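J.: Provided below for reference: sequence and predicted model.
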Amino acid sequence: MLCCDQAVSGIVVMNLPTALSFWPPGNSHMAAFMRAADWSTSPLGAPAGWPQCLRTAVGIMLESPAPVAIFWGPERVLLHNDACIPFIGGQHSAGLGSPAAKVWPGVHDSVLKPILDRVFAGEAVTVEDHDVPLRTNQGRGEWPRVVAASFSPIRDETGVVAGVFHLLPPATQGLRLDVAQGPRDAEMESLTRLVPALLWQSDPSGAAMRFHPSWTAYTGQSPDAARDGGWLEAIHPEDRPGTARLFSEAQARQEPLETELRIRARDGRHRWFQMRHAPLTEPGRGVVRWIGAALDIHEHRLARDALAASEERFRVLVSSIEDVFYVTDLEKGRLEYLSPSYETVWGRPVATLLVDLSGFLDTLHPEDRAAFLAGKERQLRGEAVSIEYRIRRPDGAERWILDRSFPVTGRRPSLAAGVASDVTDRKRSEKALRASEERLSGIFASATVGLSEVGLDGTFLQVNDELCRILGRPREEVLRLSIPDVTHPDDIAPSFAAVAKALEGEGGADLDKRYLRPDGSLAWANSRVTRLRHGSGRADSLLVVTVDLTGRRAAEAALRHSEHRFRQFGEASTDLLWIRDASTLSFEYLSPAFETIFGLPRDQVLGGNHVLRWAGMILPEDRPRLLDDIRRVRAGDSVAQSFRIRRGTDREIRWIRGTDFPLFDERGRVERVAGIARDVTEEVETHDRLRVLVSELQHRTRNLVAVIRSVADKTLAGAGSLDDFRDRFRTRLDAIGRANALLSRLEEGDRVTFDQLIRSELAAHGTLDGDAHPARVALSGPPGVRLRSSTVQTFALALHELATNALKYGALSQPDGRLAVGWSIVDGPGGTPLLHVDWRERCRLTEREPDESERRGYGRELIERALPYQLKARTTYQIGAGGVHCTITLPISSTS
């Protein structure tokens, strides 16, 4: 509590002894008088502020049946018990708490002061046969008495003599205690009646001891048994050796002894006694005898031992506790008690503060002095005060103090007690906790995930903005709700199961769940539940971390939908779609078209790095280029490629055309490679066929133009008129047209066969009409002899000329004429196949022989000159008595 002087206030914590509120204890007249007395005018002050050594001595004094007085302090203030009242008389109430000089003004300086000075100097004094002034009960006159009395020093905690303990024998009612005063037995009997004590006396040597019957009455030991040291048998075994030694030492030094010991009663129980054994001397004779008494102090001793034990426990308590205890007199501005822990906390000596409080305020932090003084004002008003302030130790360290004080109830309202605790560590912890809580609050408020503290009953205790956004509710509304209020009904049971799991274990629990929003929509979230432990170690609440999965769920659903569409697309497409891992080149996706195009089941290449098996299906001449394309795609390029494979099912070579391209991750790195491919074998073959046809067309066009030019030239040269030219030229163009018609109907790779060509030409001349010319034309030879396309037009013109001449002049111009056309394949040089055609006519010669010009006409020129030159053919042409005989041998297609 707060302590202060008139100018400076200070706070020091102290302990308040338990007897402070009711002291001194006991039912004696003087104990009650001391509790009721006003000590404000006494030099001693209130008993609450008396030193412990004085309080202990007063306790012994009040419980002693013998007359005991205490002279305390420089003023020799008098304190006494009930047995001392006869020595002080009716003025004993005025003498209590007064200096001795005021109590015995007539004899103080001459008799009492010299004795007390010797004792304050440290000497124990015994006074025998000395006149001591006694007051009558009426306060009239003084009776001189000769008594044996002792004066013993009382030392304080530092060993300095602070007072005198004065033990007197009881008032003897006019009996002198000297050798000349009556028989000693009568003397002892008088003492026994006055004082409840065990008495004895002995000779000067101390050996022959005579015990008063009170000894036998108490101990049950007979006088004979008590002689010659037998009385020691009545002493407690633990006290017996020490008692014998003290008696021996006292006899040797001829000095009085005083001790406390336990004496056995008749019933075998031991009680505590205060024993005094002192010599009586006479002038010139020395020690004439020893007298002794043992006063029963059992209850006092037990009370004193209990008090001593309590005080020892108090001393140990205040010495071992770090808190500082104090008792202070607010009115006088001084400390009544200060525990030793003050030196540990403040780093300053206790004695300094006990003597002077004026420097205490300087030990406080300047910023806290005003609050301290305000607390002192409240304390002076009798309030209980609790304040915190900082102190500065001599070593410069700064400490926080929690000071709690309270008024002490009793007759002195100025007394206060309290405790001051060093709470520096707590303050540091609180500061660290506040900083941690501020950081946590900042994290809590700015977190990008939903955070909430939830009570064990499921109610929200605190939430952050992100959780409010997820729930679609304002903070005030959320704090009025609980987990079931915002959870989809199907997810309530799993939510409480997660809470139970979090409370049972250390790792927490999490689940994906749906939250209900006020607009009826659902918010998908992952909630992780962790128990929060507070100071008691109990799980008082839960921390729930909520991650919004609504967008991710929607994206996942869209992705699944997209993947479903992609797979549908891939499953339905005749093109091959594939995706590989860029690092391992293992397939992640392969559409069913792979099995059709490559002729292998998909499961043989999915799920592993089968790039070598795949590459093995590619023709060796295309493989290096394709593998290089894959390296380029892994580096980030897109490539278009064409290559050939040998299909797995039928080993057929197939043309593949596709595009390979990279797939990048969010950081722009190639994560996968993908491609689209298709079987283009038919396209390639069609392209090749078209290319050949175009080339063939160009070649044929050139040949046709050349043939037409030649036909035109030859026809013009042999025509007699334009009409004649026109007729001849048209028929020859028709022949060329028929040949081209045959060529135009051919598929890629096909050839015009000789039988097609001869039949077409003869049919054009009407010579194969069975009704008009039955059996006049005989054709013989193998069918399907394939002609070279480049020879068809010229070869057709030759056959046209032969047929025309046969109709005009030869076998087909006469009813009985016959035409036989035969053909065969013969081997030419180097095994080259050749077509050998034999054209033979049988007829009668016409009445008019053709002139030389006719014999050397266009047809013969074509056969004998043009065919050998243009077609590398061998020809013969003869006109005999039976008609025309012509042979043509020319190269044909190697596929014939």
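T.: Here it is on my side, so go on.
J.: Could I get the buried residue list for stretch 367-376?
T.: Applying a neighbour-count criterion of 16 or more other Cβ atoms under 10 Å, one finds 368, 372, 375-376 buried in stretch 367-376. In short, each C-beta sits where N, CA and C put it, glycine included.
J.: Mind checking the pLDDT average for it?
T.: Here stretch 367-376 scores 91 as its mean pLDDT.
J.: For this structure, name the helix or strand with the lowest mean pLDDT.
T.: None of the helices or strands of the chain scores lower by mean pLDDT, DSSP states H and E than strand 9-11, at a mean of 32.
J.: what's the helix or strand just after that strand in contact with?
T.: Stepping forward along the backbone from strand 9-11, the first helix or strand reached (DSSP states H and E) is helix 29-36. Judged by Cβ atoms under 8 Å, 6 or more residues apart in numbering, the contacts made with helix 29-36 from elsewhere in the structure are 22-26, 47, 58, 62, 79-82, 85, 93, 96.
J.: What's the local residue count around Pro65?
T.: As a burial measure, Pro65 scores 17 neighbours (other Cβ atoms under 10 Å).
J.: Was I right to think it contacts Ala293?
T.: No - at 10.5 Å, Pro65 does not count as touching Ala293 under the criterion of Cβ atoms under 8 Å.
J.: Please name the residues that touch Pro283.
T.: Contacts were defined as Cβ under 8 Å, 6+ apart; by that measure Pro283 touches no other residue.
J.: quick one, phi psi at it?
T.: phi -60, psi 130 (degrees, to the nearest 10).
J.: Tell me the spacing between it and Asp628.
T.: Using Cβ to Cβ, to the nearest Å, we find Pro283 at a distance of 145 Å from Asp628.
J.: residue boundaries of the helices in the stretch 101-250 of the chain?
T.: Secondary structure of the stretch 101-250 of the chain (DSSP state H, counting those that start in this stretch): helices at 113-120, 184-194, 213-219, 223-226, 240-253.
J.: oh, I was asking about the stretch 251-400 of the chain
T.: 298-320, 341-346, 350-355, 369-380.
J.: Identify, out of those helices, the most deeply packed stretch.
T.: The densest packing among these, expressed as mean neighbour count by mean count of other Cβ atoms under 10 Å, is seen in helix 341-346 with a mean of 20.
J.: residues making contact with that helix?
T.: Contacts of helix 341-346 from elsewhere in the structure, counted by Cβ under 8 Å, 6+ apart, are 12-13, 318-319, 321-326, 348-350, 353, 363, 391, 393, 399, 401, 420, 422.
J.: What of stretch 633-644?
T.: 582, 618-619, 622-623, 625-626, 629, 632, 653-662, 664, 670, 673, 675, 680.
J.: go with 6 Å
T.: When contacts are taken as Cβ atoms under 6 Å, 6 or more residues apart in numbering, the neighbours of stretch 633-644 outside the stretch itself are 582, 618-619, 622, 626, 629, 632, 653, 655-657, 659-662, 670, 673.
J.: same question, stretch 506-526
T.: Contacting residues not belonging to stretch 506-526 are listed as 470-472, 486, 488, 491, 494, 498, 501-502, 527-530, 546-550, 553 [Cβ under 6 Å, 6+ apart].
J.: List the buried residues of it.
T.: Within stretch 506-526, the residues that qualify as buried are 508-510, 513-516, 523-526, counting by 16+ other Cβ under 10 Å.
J.: and those residues, which of them are in strands?
T.: Assigned to strands by DSSP state E, the following of the buried residues of stretch 506-526 qualify: 509-510, 513-516, 523-526.
J.: Counting only strands, which of the contacts of helix 341-346 make the cut?
T.: Using DSSP E, 324-326, 391, 399, 401, 420, 422 are the members of the contacts of helix 341-346 that sit in strands.
J.: ok so, going back, show the buried residues in the contacts of stretch 633-644.
T.: Applying 16+ other Cβ under 10 Å to the contacts of stretch 633-644, the neighbour count classes 582, 618, 622, 626, 629, 655-657, 660, 662, 670, 673 as buried.
J.: Please narrow the residues you listed to those residing in strands.
T.: For the buried ones among the contacts of stretch 633-644, secondary structure assignment (DSSP E) places 655-657, 660, 662, 670, 673 in strands.
J.: Show me which pair in those residues is furthest apart.
T.: Comparing all pairs in those by Cβ to Cβ, the longest separation belongs to Trp655 and Val670, at 28.0 Å.
J.: can you list the domains in this structure?
T.: As recorded under automatic domain parsing, the domains making up the chain are 2-15+330-428, 65-167, 447-553, 573-676, 686-891.
J.: Could you tell me the least trusted of those domains?
T.: Across the domains of the chain, domain 65-167 has the smallest mean pLDDT, namely a mean of 76.
J.: Quick check: Gly766 vs Leu807, distance?
T.: 8 Å.
J.: which ones are touching Asn464?
T.: For Asn464, counting by Cβ under 6 Å, 6+ apart, the contacting residues are 444-445, 447, 451.
J.: Nearest residue to it in space, please, no chain neighbours.
T.: Excluding its sequence neighbours, the residue lying closest to Asn464 (Cβ to Cβ, 6 or more residues apart in numbering) is Leu451, at 4.6 Å.
J.: What of Ser824?
T.: Nearest residue to Ser824 in three dimensions, chain neighbours excluded: His836, at 5.3 Å (Cβ to Cβ, 6+ apart).
J.: Dihedrals phi and psi, the one you found?
T.: phi -110, psi 120.
J.: Who are the contact partners of it?
T.: So, once contact is read as Cβ under 6 Å, 6+ apart, His836 ends up touching 824, 826, 889.
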